[in-house]
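Asks: give me a 3D structure for the following:
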Amino acid sequence: MSWINGTLSSKSADGRRPLGVIIILLLTSIAVMLPALCFGEILRGQDALIHTRWQVAFAPVFWSGDIFPRWLPDLNKGFGSPAFFIYPPLTQMLAAVTYPLAPSAEWTSFRIAVSVTFAIFVAALGAFLWLRTHTSDRSAMWGAIAYSVAPYHLFVDTYFRGAFAEVWSFAPIPFAMLAVDRLSSKAHLAFLSLVLSLSCAVLLHAPSVLINVPVVGLYAALIGWQQRSLRPLVLFATAGAIAMLLCGGYLGTALTQVNMIRSVELFGGRLVPTKWLIGGGMWPDIPIMIMINFIMVLQVVLAIVLFRNIATGQPRTSMWRLSFALALMTISVVMTTIISEPLWSLNSSLNRIQFPWRFLSIQAIAIAALCAYVGDQAGRSSTPRRQAAQRSVFFAIGSMLIVNVALYAFSIESGAASGKARAALVADNTEPFEYQLGDIDVLTRRFPDNASTAILSGTGDVRVKQWRPRLIELATSSEGEMRLAIRQFSYTGWQYAQNGGAARPADLLSIDEPVVVVSVPPGSHRTTITMPPTQQERAGWIASLAGVASLVISIAALRRGSPLSSQRTTLNGPADALSE
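Replies: Residues are numbered from 1 along each chain as shown. Next comes the predicted model:
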C-alpha cells in the first residue's frame, strides 16, 4: 500500500529515505518474537492450542487446492469441524504460506511464530507510514515501535492468550487510516487501499472489526469536520459497504450458520461481557484480571504523561489529531470498566466482542500516535524541552517493554503451561466445544479401532477409496442392503450417490449421534459422499463478485473526478478550532 504515499524508498520531508527505519522495525519485530521463534514459547497462550490444531489441519487442505477450506475433516478425532464456515480464515491462510517449507506437524508452532512476527512487522510498518504523513520519520518510527510493544498487543494477545487472529487484526487499521488521510489527494488509490484494509480486517478477526472499523470511521469523521466536508465520511461508508461485499464468500456462511454450531459457548456462560468489566467484581479468570487491570492503569498513565508533554509545549500537531488520540483513550476506558455495564447488558451485536478489555487495542493506537507527536515536538523545541519530550517517549516505550517482561514472568508463576507441554497436546485435535457437533467420546465407541465407517445394518465389505475434505468415495460389496455410518459429523449439505447416479441427501444417525449415514443397495457399488457448496456459500460468492464490480466502478468514478470524488458538502461548525 506504499504507493498511496509515494513508495517505501521515497524521501520524507526531511530528505531522508525510510529504508533504515523499516529495517529497524523488522529487527524489532524479530527481537520481540525471539522466545517464540527460538523456543516455541508461543504455545503458552490460552488460545494458541486452538490455532495450532487448526493450522495442522488447515494447511494441508489449503495446499491440496482448496484455497478456502471450511470443513476440516481430520479435527475432532476424525469427525470433522465446521470451524471455518464461521471463523475468519485469513490468519490460517497466512500461516499456511510456509507449510511447503516445513510441513511436519512439529514445525507448526514455528510457522505460526513466523506469521505472527510478520503480523507485528506489518502493523508497525502501517503505523509508521500513517504517522509519517504528519510527523518526521524518526518520530513516526518511535510511534510504530510503541504500537508493536504495547502490552495488550505483545504480551496479552501474543504470549499469554496466543490470540493470533487478534494479533493480525492490529495490522490493517493503520493502513486504513493512512488511506483516509490520502482520500483528499490520490482518491482512487486511497479508496482502493481503504477497501482492501477493511476487507482484511473482516477476514482476520470478527470481534475486532466491531471495535477497529468504527475507529477508522471516527477518524474519517474528524477529518471531514476539519475539512468542513462530508466527503471522507461518505467515502469511508462506501468503502465499508464494498468491503463487506468483497468478504461475502466468508460472511455468507458466517452470518447465517452460527446457529448450526453450539453458539451459546461463544457468547454465553463465562463469555458474557459483563463478567469481564474492570470494577465489576471478580472475573472468571483471575490471572488475566490482574494483568488487564495493570495494563489499563499503565497505558492510561503513559497517555497522560505523553499528552502533558504536548499540552505544556507548543504543539505542532493539529488539535483534532490530539483529540482523536484522547477520544480513543476515553472510549477504551469507558468500554472496559463498569461505567459501560448498561451498554453490555443490552445483549446487542456489541456482545459479539465477548471481552470488553479488547478495547485496550485502541489504546495502542492512541499511545503510538502520542509517542510520534511528542517526538515530533521534541525535534523542534529548545534543548531542555526537547530532552524532556524525548525522555517521555523513551519512558513510555521502556515502561511497556519492562511490563511485557514482568507479565511474562508472572504468567509462568501463575501456572501457564510451557510451550513444550502445550506441543504435546496438539496431537489431541479435539476442537473447542462450540465446534463439536456431538459427543465425541460416545461417537468414538461407534467406530472401533478408529474406523472411518461402521456398518449399522446388513453385512458386507466396505473400502475407502478416497477421503478428502467434503468428498468421500467408498467401494462396497454386499448381498443385501447396508446402512453405513460415516465418521464425519452431519453438517449442512451432505449428500451421496451410487455409481454416478443422482445425488440424494444423507441421513442423520440420531440427534445424540449426529454423524452421516448412507444406504447401500445389494451388489458392488461405488458410493460418493459429498458436501457441495451450500446456498449460503454460493450467495456469498455472488456478493463477492458484486463487490469486485462495485470496487472497479468506484475507482473509475474517483479517477475521472465524478461528483462522488469532488463532493464537498459544507458543514456548519467550529471546524477551524480543531484544525490548529
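Asks: can we go C-alpha only for contacts and neighbour counts from here?
Replies: Noted.
Asks: where along this structure do the strands fall?
Replies: 453-457, 461-468, 471-478, 482-489, 495-498, 504-505, 507-508, 515-520, 523-530 (DSSP state E).
Asks: ok, which of these comes nearest L360?
Replies: L360 sits nearest to strand 482-489 of all the strands of the chain, at 37.9 Å, using CA to CA.
Asks: show me what counts as buried in the biggest helix by length in the chain.
Replies: Longest among the helix segments of the chain by residue count, using DSSP state H, is helix 383-413. Along helix 383-413, these residues count as buried under the neighbour rule (16 or more other CA atoms under 10 Å): 385-386, 389-390, 392-394, 396-397, 399-401, 403-404, 407-408, 411.
Asks: ok, G480 to T459 distance?
Replies: Plainly put, G480 is 7 Å away from T459 if you go by CA to CA, to the nearest Å.
Asks: coming back round to it: quick one: average confidence on the longest helix of the chain?
Replies: Average pLDDT, helix 383-413: 84.
Asks: so L90 sits against L203, correct?
Replies: Yes: between L90 and L203 there is a contact under CA atoms under 8 Å: 5.5 Å.
Asks: care to break the protein down by domain?
Replies: 2-423, 438-530 (automatic domain parsing).
Asks: pick the most buried one from those.
Replies: Ranked by mean neighbour count, those are led by domain 2-423 with a mean of 20 (mean count of other CA atoms under 10 Å).
Asks: what's the offset of that one from the middle of its chain?
Replies: Domain 2-423 has its C-alpha centroid displaced from the chain centroid by 8 Å (CA atoms, centre = their mean, to the nearest Å).
Asks: begin at 15 from now on, thanks
Replies: Sounds good: first residue 15 from here, last item domain 16-437.
Asks: in this structure R67 contacts I126, no?
Replies: No: contact criterion CA under 8 Å: R67 and I126 do not qualify, at 11.1 Å.
Asks: in a markdown table: the domains of the chain, plus distance to S564.
Replies: As requested, the domains of the chain are arranged in a markdown table below (distance: least, CA to CA, whole Å):
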| stretch | distance to S564 |
| --- | --- |
| domain 16-437 | 7 |
| domain 452-544 | 31 |
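Asks: and those domains: which comes nearest I569?
Replies: domain 16-437 (5.0 Å).
Asks: all helices of the stretch 265-414 of the chain, in order?
Replies: 278-281, 300-325, 333-350, 355-358, 374-392, 397-427 (DSSP state H, counting those that start in this stretch).
Asks: and the fifth one with helix 397-427, angle?
Replies: If you take axes from the mean of the first three to the mean of the last three CA atoms, to 10 degrees, helix 374-392 sits at 150 degrees to helix 397-427.
Asks: helices and strands around helix 374-392, which ones?
Replies: helix 122-145, helix 151-163, helix 220-241, helix 300-325, helix 333-350, helix 397-427 (3 or more CA pairs under 8 Å, 6 or more residues apart in numbering; DSSP states H and E).
Asks: who are the contact partners of the closest residue to E551 other than its chain neighbours?
Replies: Nearest in space to E551, with sequence neighbours left out and distances taken as CA to CA, 6 or more residues apart in numbering, is G266 at 5.6 Å. Contact analysis of G266 by CA atoms under 8 Å, 6 or more residues apart in numbering lists 550-555.
Asks: start and end of stretch 501-516, how far apart?
Replies: Using CA to CA, the two ends of stretch 501-516 sit 23 Å apart.
Asks: give me the contacts around it.
Replies: So stretch 501-516 is in contact with 87, 92-96, 451-452, 461, 465-468, 517-520, 522, 528-530, 532, 534, 539-548, going by CA under 8 Å, 6+ apart.
Asks: what does stretch 141-149 give?
Replies: 16, 19, 26, 151, 153-155, 157-158, 161, 188-189, 191-192, 331, 382-383, 386-387, 390.
Asks: quick one: end-to-end distance for it.
Replies: End to end - CA to CA - stretch 141-149 spans 12 Å.
Asks: and what of stretch 162-182?
Replies: 12 Å.
Asks: next one: stretch 469-486
Replies: Across its full length, stretch 469-486 reaches 16 Å between end residues, using CA to CA.
Asks: show the average pLDDT along it.
Replies: Across stretch 469-486, the per-residue pLDDT values average to 93.
Asks: any regions of the stretch 215-364 of the chain where pLDDT drops low?
Replies: 325-331 (pLDDT under 70).
Asks: also the stretch 15-164 of the chain?
Replies: In the stretch 15-164 of the chain the weaker segments, taking pLDDT under 70 as the threshold, are 15-31, 54-60.
Asks: can you give me the helices in it?
Replies: 33-46, 48-53, 62-77, 89-92, 97-100, 104-110, 122-145, 151-163.
Asks: could I get the ones you listed in JSON lines, plus columns for distance to S213?
Replies: As requested, the helices of the stretch 15-164 of the chain are arranged in JSON lines below (distance: least, CA to CA, whole Å):
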{"stretch": "helix 33-46", "distance to S213": "24"}
{"stretch": "helix 48-53", "distance to S213": "28"}
{"stretch": "helix 62-77", "distance to S213": "20"}
{"stretch": "helix 89-92", "distance to S213": "28"}
{"stretch": "helix 97-100", "distance to S213": "16"}
{"stretch": "helix 104-110", "distance to S213": "10"}
{"stretch": "helix 122-145", "distance to S213": "16"}
{"stretch": "helix 151-163", "distance to S213": "21"}
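Asks: that concludes my questions; thank you for your assistance.
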